[in-house]
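Asks: Provide a 3D model corresponding to the input given below.
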Amino acid sequence: MRGHLVHRGDRYYAVVYEGIDPATGKERHRWYPAGTTRKGAEKVLGDLVKRVHDGDYRAPERITLGDYLVERWLPTKKAQLRPSTYASYKNNVEIHIKPRIGLIPLQKLQPEDLDTFYAQLLIDGKRNGVGGGLAPKSVRIIHGIIRKALADANRKGTVIRNVADLADPPKIRVGGSRAMTVWSAEELRQFLAGIEGSEWYAPIFLAANTGMRRGEVLGLPWRNVDLNTGRLVVDQQILSVEYGAQVADVKTTNSRRTIDINERTVAMLKVWRRQQLEQRLSTGQRDDDDFVFTRPDGKPIHPDFFSQSWAKLVRESGLRRIRLHDLRHTHASILLKEGIVPKVVSERLGHSSPAFTMTVYQHVLPGMQADAAAAFSAAVFDRRQVNDDA
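Replies: The predicted model follows:
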């Protein structure tokens with residue numbers, strides 16, 4: 001037996017045998033805090049003993065942050081997380097965390113180490129330091145990964161405290177971490193007219209007219225499109241997972257929604273459906289998933305390829321450059337400026353609440369406030385003048 005439990009006061013401790021101390025000739029044991037319940041303590045002890053038997057055990061002071069994350073923490077998370085979430089964790093660990101602070105011994109990691117790390121990421125955190133720093137939101141995501149990992153280490157007794165709780169990640173200002181860039185209705189009209197002959201016209205037209213995310217557009221199956229009623233259902237998406245494209249659930253519960261589409265969009269989809277069926281008949285191609293938009297071989301389109309193709313079309317158009325995701329913002333901004341109530345816009349976008357929608361699109365408010373002031377003046381004063389003249 002290489003380990004046992006000790007109960008002292010209201011806490012349990014897992015005690016692991018580490019061999020004979022060469023300096024004293026006595027047995028050496030290490031104590032690990034294992035929680036307040038015997039069941040939890042038995043799990044901690046079991047994990048420690050297994051690592052001893054597997055030859056994977058190292059004294060805590062010899063484990064680096066990078067080794068802990070890659071060898072111990074990430075493998076336990078793979079079965080617990082969605083593939084896209086796990087891939088995001090893994091990429092952030094390998095690209096950002098391990099190269100910069102991975103060699104720090106886990107037990108010697110300090111809040112100041114994390115504060116300095118976050119500051120560096122904001123300055124030159126992009127891959128290979130090219131292109132400047134990461135956005136505050138991205139740095140906070142990395143902070144969240146470290147915090148979760150250290151919380152698990154603390155719960156299992158590998159560290160005595162979670163230093164990430166004491167660190168200061170960058171704050172994200174209300175409304176987002178970057179200035180939102182959107183097109184006007186005229187700019188969007190001009191762009192769509194200019195790409196009408198492009199292979200990307202149909203998915204971009206749908207995104208522009210619904211505010212759907214890129215993964216939701218690419219993951220939309222024909223079974224979720226009712227061209228008779230002019231409605232479609234969003235209940236899945238295509239995600240980029242370790243350089244591949246995978247079908248996954250939508251982002252949140254609110255993202256699962258029904259969207260009404262206008263007559264122009266219905267007409268466009270009918271034409272697109274007819275062209276797609278004709279192509280499949282001529283080539284013998286099958287699409288078992290029945291996606292509305294696919295590669296020539298019927299397989300899902302990779303989201304990054306969609307974004308890259310969008311960027312090329314925007315450059316060629318000569319219009320102000322916006323991201324593909326900004327097309328979603330453009331849809332919402334135009335609706336709000338046209339007086340559509342925030343609740344309806346929120347439902348189309350799949351937001352958690354109208355309040356969140358208005359927080360995100362607060363840049364639209366100044367113009368709406370001016371319109372409201374003018375409308376009030378017209379209602380109170382202009383109408384009174386007309387009545388007085390009569």
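
Asks: got the CA coordinates for stretch 101-111 in CSV?
Replies: Output in CSV follows, covering the C-alpha atoms of stretch 101-111 (Å, rounded to 0.1, in the frame of the first residue of the first chain):
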residue,chain,number,x,y,z
ILE,A,101,4.8,30.5,-17.9
GLY,A,102,4.8,26.8,-18.3
LEU,A,103,8.2,26.3,-16.7
ILE,A,104,7.1,27.8,-13.4
PRO,A,105,6.7,25.2,-10.7
LEU,A,106,3.0,24.8,-10.0
GLN,A,107,3.4,25.3,-6.2
LYS,A,108,5.5,28.4,-6.7
LEU,A,109,3.2,30.2,-9.1
GLN,A,110,2.2,33.6,-7.8
PRO,A,111,-0.6,36.0,-8.6
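
Asks: in what helix or strand does residue 41 lie?
Replies: Per DSSP states H and E: residue 41 is located in helix 38-53.

Asks: show me what that helix is packed up against.
Replies: strand 3-8, strand 11-20 (3 or more Cβ pairs under 8 Å, 6 or more residues apart in numbering; DSSP states H and E). All C-beta atoms are positioned from the backbone trio N, CA, C, and that covers glycine.

Asks: and the next helix or strand after that helix, what does it pack against?
Replies: Beyond helix 38-53 on the C-terminal side, the first helix or strand identified by DSSP H and E is helix 65-67. Helices and strands touching helix 65-67, as assessed by 3+ Cβ pairs under 8 Å, 6+ apart, comprise helix 98-101.

Asks: buried sites along stretch 94-109?
Replies: Within stretch 94-109, the residues that count as buried by 16 or more other Cβ atoms under 10 Å are 96-98, 100-102, 104, 106-107, 109.

Asks: and stretch 323-339, by the same measure?
Replies: 323-324, 326-336.

Asks: just the ones of the residues you listed in strands?
Replies: With strands defined by DSSP state E, no entry of the buried residues of stretch 323-339 lies inside them.

Asks: run a quick neighbour tally on residue 344.
Replies: Counted with other Cβ atoms under 10 Å, residues neighbouring residue 344 total 14.

Asks: so it, which state does it fall into?
Replies: helix (DSSP: H, G, I helix; E, B strand; the rest coil).

Asks: can you name the two of the buried residues of stretch 323-339 that sit furthest apart?
Replies: Farthest-apart pair in these is 324 and 336; separation 20.2 Å (Cβ to Cβ).

Asks: circling back to that earlier point, out of the helices and strands packed on helix 38-53, which one sits most buried?
Replies: Of all the helices and strands packed on helix 38-53, strand 11-20 carries the top mean neighbour count, a mean of 17, counting by mean count of other Cβ atoms under 10 Å.

Asks: show me what the mean pLDDT comes to for the helix holding residue 41.
Replies: Average pLDDT, helix 38-53: 77.

Asks: could you do stretch 228-244 as well?
Replies: 89.

Asks: hmm, who's touching that stretch?
Replies: For stretch 228-244, the external contacting residues (Cβ atoms under 8 Å, 6 or more residues apart in numbering) are 83-84, 87, 90, 210, 212-213, 215-216, 218-221, 224-226, 245-251, 255-263, 265-266, 300-304, 350.

Asks: domains of the protein?
Replies: 1-57, 60-178, 185-365 (automatic domain parsing).

Asks: what's the offset of the shortest one from the middle of its chain?
Replies: What it means is domain 1-57. When distances are taken as Cα atoms, centre = their mean, to the nearest Å, domain 1-57 is centred 38 Å away from the chain's centroid.

Asks: again, but for stretch 327-341
Replies: 23 Å.

Asks: now stretch 222-237
Replies: Counting by Cα atoms, centre = their mean, stretch 222-237 comes out at 24 Å from the chain centroid.

Asks: for stretch 65-84, how far is the first residue from the last?
Replies: 23 Å (Cα to Cα, to the nearest Å).

Asks: swap in stretch 349-359?
Replies: 14 Å.

Asks: tell me which residues in that stretch are buried?
Replies: For stretch 349-359, by 16+ other Cβ under 10 Å, it's 349-351, 357-358.

Asks: JSON lines for these, including distance to residue 136, pLDDT and secondary structure?
Replies: JSON lines is the format used below for the buried residues of stretch 349-359 (distance: Cβ to Cβ, whole Å; pLDDT from 0 to 100; DSSP: H, G, I helix; E, B strand; the rest coil):
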{"residue": "349", "distance to residue 136": "23", "pLDDT": "95", "secondary structure": "helix"}
{"residue": "350", "distance to residue 136": "24", "pLDDT": "93", "secondary structure": "coil"}
{"residue": "351", "distance to residue 136": "21", "pLDDT": "91", "secondary structure": "coil"}
{"residue": "357", "distance to residue 136": "21", "pLDDT": "89", "secondary structure": "helix"}
{"residue": "358", "distance to residue 136": "22", "pLDDT": "85", "secondary structure": "helix"}
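
Asks: which residues in the chain form strands?
Replies: Using DSSP E, strands in the chain cover 3-8, 11-20, 27-33, 225-226, 231-234, 237-241, 244-248, 257-260.

Asks: of the ones you listed, which is nearest residue 318?
Replies: strand 237-241 (28.8 Å).
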